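Novice: Need coordinates for the below:
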Amino acid sequence: SSTGEPWEIPREGHVRVAFNFQPARPRRRLEKLKDKCFQGLIKIMLDPDASSNQRMSMIELACKDLYFTADQIIAILQRYTSSDEKSLAAEHLMQKVLDPENIDDVKLALSPEEAKQVEDGLGNLYKFSPSSCSGHYALNFSRRSDKKLFEEILKIALDDAKFARLYSGRSDTSQNGDWTGFRNCTFNDKPIDLLYDFIFCTPSSGVLRFDFVRQKPRAKPNAEVVSANEFEKLLAEVGVGSDEMNESMELKQHALEKIWTVKKILKDSLITCDHVCQLVDRFPESHEHSRLLAVQTIFDRVKNVHDFHIILDQYPALSEGIARRLGWLNILNPEHIDRTFKLNLTVRDEREMARVLVHLAMEEPGENWVDETYTRVRFGDLEDEPIAGWEMPKSWVEAEGGTVPHDGILTLTYVSDSVSASARKALRTQFFAC
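Specialist: Presented below is the predicted three-dimensional model:
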């Protein structure tokens, strides 16, 4: 490397090479097949003199390295005369679409029977939308389609992380300090470091559960916002909150499917925090889990995330659960920071939230921390009771050379007698995504 000359490989010795590969979604400008190349490929893939198995082998081979636009996939599918062959081809091609926002056009090119066959083959991947994929996932790695879905989400997560790190202008809002949107990851019900454990090799069986939050802007700046009446009509048409749905609410998947249908119909349109409240109100208070899923799943369609306090204030009982799934740093605007917090300081982003609260308490006059408690960890275990009479010590204040500890549970209600607009603006720019 010092001379720039080609290296002549010696006949003896050992070479150690560090190779760093990060899977990424293709860039349309570079990956789209030129029309002449595409027409030639169709002739090879759909050779009428070849057997059905041979044609399907060519589809599988093409899908290993190539990506197709939705229009190109439709053009391929229209050449098939066999419904079964068409469904199998669609199952492969829909996993290699360059413009996933147009995937519904491909589904419309299938008959109801063909679409059902493709959905059975793809499983969760059939309903997946890369442009709107925040939510909770439970993926069974013994199913090929679930494994493929994880690979797609991983590509999105790494692309988002690169954007957030290089272009967002803020610090890392992730839970694990990796700039991605993966949160609360478990494998076979045991906590894991997902990127460290799975980025290079995924297991052949086991259940991976995680929450995911997009780290890039969630929609085009000029995307339209639906009206309250339009959204209410949409919810009624889909059947969100219907008696039938609420009676079967113990089947969490039923509620989730309704919410995914709402997202699908919205497509490129956006909603507001008030719309989210409309959605949540259609679920009974007793079905807290479904309410949390509703907020989490619809999150990446919300345009005014800076007003997310509307949701937190409307449903205080859900605040802790919402924050755990989405992250305080992704949903909170420090201009509306006055509220109750319960922070697990072993979790990185909750510890960052504690740093913000400590800094703001030093900047704003008065008793800002009310009813604060700290339960410490001793000998590896969380104590049963908080420390009696505890108040924030100077050892937590960074300006005094201190730091927030990396374990324990902090609870408090932040109350501002007088607001420091400059301090809150600076903290919003540095720490928060909205």
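Novice: State whether residue 184 is indeed within a strand.
Specialist: Yes. Checked against DSSP: H, G, I helix; E, B strand; the rest coil, residue 184 lies within a strand.
Novice: What residue, apart from its backbone neighbours, is nearest it spatially?
Specialist: Leaving out its chain neighbours, the residue that sits closest to residue 184 by CB to CB, 6 or more residues apart in numbering is residue 211, at 5.0 Å. Bear in mind the C-beta positions are built from the backbone N, C-alpha and C, glycine included.
Novice: Check which element follows the helix or strand hosting the one you found along the chain.
Specialist: Applying DSSP states H and E as the criterion places residue 211 in strand 207-212. Next along the chain after strand 207-212, taking DSSP H and E as the criterion, comes helix 228-238.
Novice: Just the CA atoms of that next one, as CSV, please.
Specialist: What follows is helix 228-238, C-alpha atoms only, in CSV (Å, rounded to 0.1, in the frame of the first residue of the first chain):
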residue,chain,number,x,y,z
ALA,A,228,-59.8,14.0,10.3
ASN,A,229,-63.1,13.1,8.5
GLU,A,230,-61.2,11.1,5.8
PHE,A,231,-59.2,9.2,8.5
GLU,A,232,-62.3,8.5,10.5
LYS,A,233,-64.0,7.1,7.4
LEU,A,234,-60.9,5.0,6.6
LEU,A,235,-60.9,3.5,10.1
ALA,A,236,-64.6,2.6,9.8
GLU,A,237,-64.1,1.0,6.4
VAL,A,238,-61.2,-1.1,7.6
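Novice: Of all the residues in that helix, which ones are buried?
Specialist: Residues of helix 228-238 classed as buried by neighbour count (16 or more other CB atoms under 10 Å): 231, 234, 235, 238.
Novice: Quick one: low-confidence residue ranges for the stretch 301-434 of the chain.
Specialist: Applying pLDDT under 70 to the stretch 301-434 of the chain flags no residue at all.
Novice: just the helices in it please.
Specialist: 309-314, 319-326, 328-331, 348-363, 421-431 (DSSP state H, counting those that start in this stretch).
Novice: now for the helix or strand containing residue 56, which elements pack on it?
Specialist: Secondary-structure assignment from DSSP H and E places residue 56 in helix 52-65. Judged by 3 or more CB pairs under 8 Å, 6 or more residues apart in numbering; DSSP states H and E, the packing partners of helix 52-65 are helix 35-45, helix 83-93.
Novice: Neighbouring strands of the strand holding residue 211 in the sheet, and parallel or not?
Specialist: Paired neighbours of strand 207-212 in the sheet (DSSP bridges): strand 135-140 (antiparallel), strand 182-187 (antiparallel).
Novice: closest one to residue 292 among these?
Specialist: Among the strands paired with strand 207-212, strand 135-140 comes nearest to residue 292, with 8.7 Å by CB to CB.
Novice: Pull out the buried positions in the closest one.
Specialist: Using 16+ other CB under 10 Å as the test for burial, strand 135-140 gives 135, 136, 137, 139.
Novice: Please render the helices and strands packed on helix 52-65 as JSON lines that adds distance to residue 5 to the earlier fields.
Specialist: Below are those laid out as JSON lines (distance: least, CB to CB, whole Å):
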{"stretch": "helix 35-45", "distance to residue 5": "37"}
{"stretch": "helix 83-93", "distance to residue 5": "45"}
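Novice: With mean neighbour count added, can I get those in TSV?
Specialist: TSV is the format used below for the helices and strands packed on helix 52-65 (neighbours: other CB atoms under 10 Å):
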stretch	mean neighbour count
helix 35-45	13
helix 83-93	20
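Novice: Serialize the ones you listed to a markdown table and add fields for mean pLDDT and distance to residue 118.
Specialist: Compiled in a markdown table, the helices and strands packed on helix 52-65 are given as follows (pLDDT from 0 to 100; distance: least, CB to CB, whole Å):
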| stretch | mean pLDDT | distance to residue 118 |
| --- | --- | --- |
| helix 35-45 | 92 | 18 |
| helix 83-93 | 94 | 5 |
